[in-house]
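In: Sharing a model prediction with you, sequence too.
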Amino acid sequence: MKKTLLFVLALAVIPVGVDAQASDLEETRVLAEQGDALAQYDLGAMYYNGFGVPKDDAEVARWYRLAAEQGDAYAQTGLGFLYALGEGVPEDSVLAYMWLNLAAAQGIVHAQGGRSRRALGPFQASYGGSAVCAA
């Protein structure tokens with residue numbers, strides 16, 4: 001009896017969870033299309049991780065850019081790394097540094113580290129991988 005009841009309860013919960021996920025995705029998409037920066041970042045993250053949508057680097061970049069242009073520091077960080085890696089956008093060290101720098105100025109520690117690595121990259125390549133620069 002207990003096993004049957006648990007099974008029935010489990011079946012009842014599963015469809016609600018799937019519907020809730022689809023509902024969250026659609027709600028996020030609507031808000032993102034209306035210009036909500038947090039929803040734009042969240043939708044970009046969904047495309048990055050493949051949550052409810054197929055992974056799509058171009059869509060990640062699209063939604064991160066929209067949020068980043070509104071000043072969302074997390075979207076700026078994400079977009080900076082997309083430019084650094086050439087994922088969904090052409091690889092561009094200058095744009096990577098710019099977006100990471102904007103995010104770092106807002107206190108995003110992860111962006112600060114990424115920005116530093118982007119800045120040292122040309123020196124490391126020129127000086128045999130050493131990050132030491134003469135002052």
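Out: Done, it's in.

In: Could you pull out the strands in this protein for me?
Out: Counting by DSSP state E, the chain forms no strands at all.

In: Show me where it dips below the pLDDT cut-off.
Out: Along the chain, the parts satisfying pLDDT under 70 run over 1-22, 114-135.

In: Now with 50, please.
Out: The chain contains residues with pLDDT under 50 at 1-20, 120, 122-135.

In: Spit out the contact partners of residue 45.
Out: When contacts are counted by C-beta atoms under 8 Å, 6 or more residues apart in numbering, residue 45 touches 51, 60, 78. The C-beta positions use only the backbone N, C-alpha and C, and glycine is treated the same way.

In: among those residues, which ones are buried?
Out: Burial by neighbour count, judged by 16 or more other C-beta atoms under 10 Å, picks out 60, 78 from these.

In: Inside helices: which ones of the contacts of residue 45?
Out: With helices defined by DSSP state H, the entries of those inside them are 60, 78.

In: can you put the contacts of residue 45 in a markdown table and add distance to residue 30?
Out: Formatted as a markdown table, the contacts of residue 45 follow (distance: C-beta to C-beta, whole Å):
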| residue | distance to residue 30 |
| --- | --- |
| 51 | 17 |
| 60 | 19 |
| 78 | 21 |
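
In: if we take the contacts of residue 45, which one ends up nearest to residue 103?
Out: Nearest to residue 103 among the contacts of residue 45, counting by C-beta to C-beta, is residue 78 at 8.7 Å.

In: The chain: helices as residue ranges?
Out: 2-33, 37-49, 57-68, 73-85, 93-105, 109-126.

In: Distance check, residue 75 against residue 46.
Out: Residue 75 sits 13 Å away from residue 46, going by C-beta to C-beta, to the nearest Å.
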